[in-house]
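>>> sequence first, then the predicted structure, then my questions.
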Amino acid sequence: MRIGIVACDILKNEIEFLTAGDEDVVHREYLEFALHIYPEDMREKIEDAVNRLEGKVDAVLIGYATCQSLAGVDRAVKVPSVMLEGDDCISVLLGPRKYAEAKAECCGTWFSTPGWAEQGMPAVIKELHLDSMVEEGYSPEYFLDMIFDAYQRCLFVDTGVGDKAELERKSLKFAQQLRLPHTCACGTLEHVEKALRSVKELARSAAGGGHQND
């Protein structure tokens, strides 16, 4: 069977770790993390990337949670596909229960997954649409101070993938730039693993002629 992956760059480390050496995976494509800034464009680009794999793979893992505009995107594409379960990448990597508990414990939490820790402050500037301010000659620090005034901590989510010490160091540096306390929590890969199992089952069915994409 042939499996394709079209995923957010933020989840690249976890997906690459779980699929290393998997000969069933014949296509890997990681889209720029900041696509969700423009939800309609993000959905269109994901659909285009998946549809280009028609006839080349039996099934696709869409490495995105519902992320604002993506509900049902797995049913809108031309290739049998599986999405990640969860509202966003934090829910996927921390788990919905721990995610809810962390927000209840401190509603002003900035969640720093390994992907976000690697991207650092430039990613946050882009995420918050402050890159246009930089291009016009304004300092982003002024806006960051206002935006993050409501935040009370930065929580590093350790998924067990990559160099934990280095990733935690980058996350701590980010927290220090914003003068936020820094804490850590153990993440999980179980939701990505579940999606990978599901996409393999779907690929077996599709390869055998037993699947019709709705």
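Sure, I can see it.

>>> the domain parsing of this protein - what is it?
For the chain, automatic domain parsing gives the domain ranges 3-88+190-207, 96-186.

>>> out of those, deepest packed?
domain 3-88+190-207 (a mean of 19; mean count of other Cβ atoms under 10 Å). Backbone N, C-alpha and C define where each C-beta goes, glycine included.

>>> how far off centre is that one?
Averaging C-alpha positions (Cα atoms, centre = their mean, to the nearest Å) puts domain 3-88+190-207 11 Å from its chain's average.

>>> before we move on, the earlier item: where among the domains of the chain is average confidence lowest?
With a mean of 89, domain 96-186 has the lowest mean pLDDT of those.

>>> what's the span of it from first residue to last?
For domain 96-186, the separation between the terminal residues is 13 Å (Cα to Cα, to the nearest Å).

>>> before we move on, what about stretch 152-161?
Length of stretch 152-161, first residue to last, Cα to Cα: 26 Å.

>>> can you list contacts of it?
Counting contacts by Cβ atoms under 8 Å, 6 or more residues apart in numbering, the residues outside stretch 152-161 that touch it are 13-14, 17, 90, 93-94, 102, 106-114, 117, 164, 167-168, 171-172, 174-175, 178, 180-189.

>>> quick one: distance of it to the chain centre.
Relative to the centre of its chain, stretch 152-161 is centred 14 Å away, using Cα atoms, centre = their mean.

>>> just stretch 156-163 next, same as before
The mean C-alpha position of stretch 156-163 is separated from the chain mean by 14 Å, Cα atoms, centre = their mean.

>>> quick one: the helices in the chain, in order.
Taking DSSP state H as the test, the helices found in the chain are 12-19, 39-51, 73-76, 89-94, 96-105, 114-127, 131-135, 140-147, 164-177, 190-207.

>>> closest one to residue 64 among the ones you listed?
helix 39-51 (6.6 Å; Cβ to Cβ).

>>> name the helices or strands packed onto the closest one?
Packing partners of helix 39-51 (3 or more Cβ pairs under 8 Å, 6 or more residues apart in numbering; DSSP states H and E): strand 3-8, strand 25-31, strand 59-63, helix 73-76.

>>> if you set the cut-off to 10 Å instead, what comes out?
Contacts defined by 3 or more Cβ pairs under 10 Å, 6 or more residues apart in numbering; DSSP states H and E place helix 39-51 against strand 3-8, strand 25-31, strand 59-63, helix 73-76, strand 81-83.

>>> which one of those lies closest to residue 137?
When the helices and strands packed on helix 39-51 are compared (using Cβ to Cβ), the closest one is strand 25-31, at 29.8 Å.

>>> could you give the angle of that closest one to helix 190-207?
Compare the direction of strand 25-31 with that of helix 190-207 by axes from the mean of the first three to the mean of the last three Cα atoms, to 10 degrees and you get 130 degrees.
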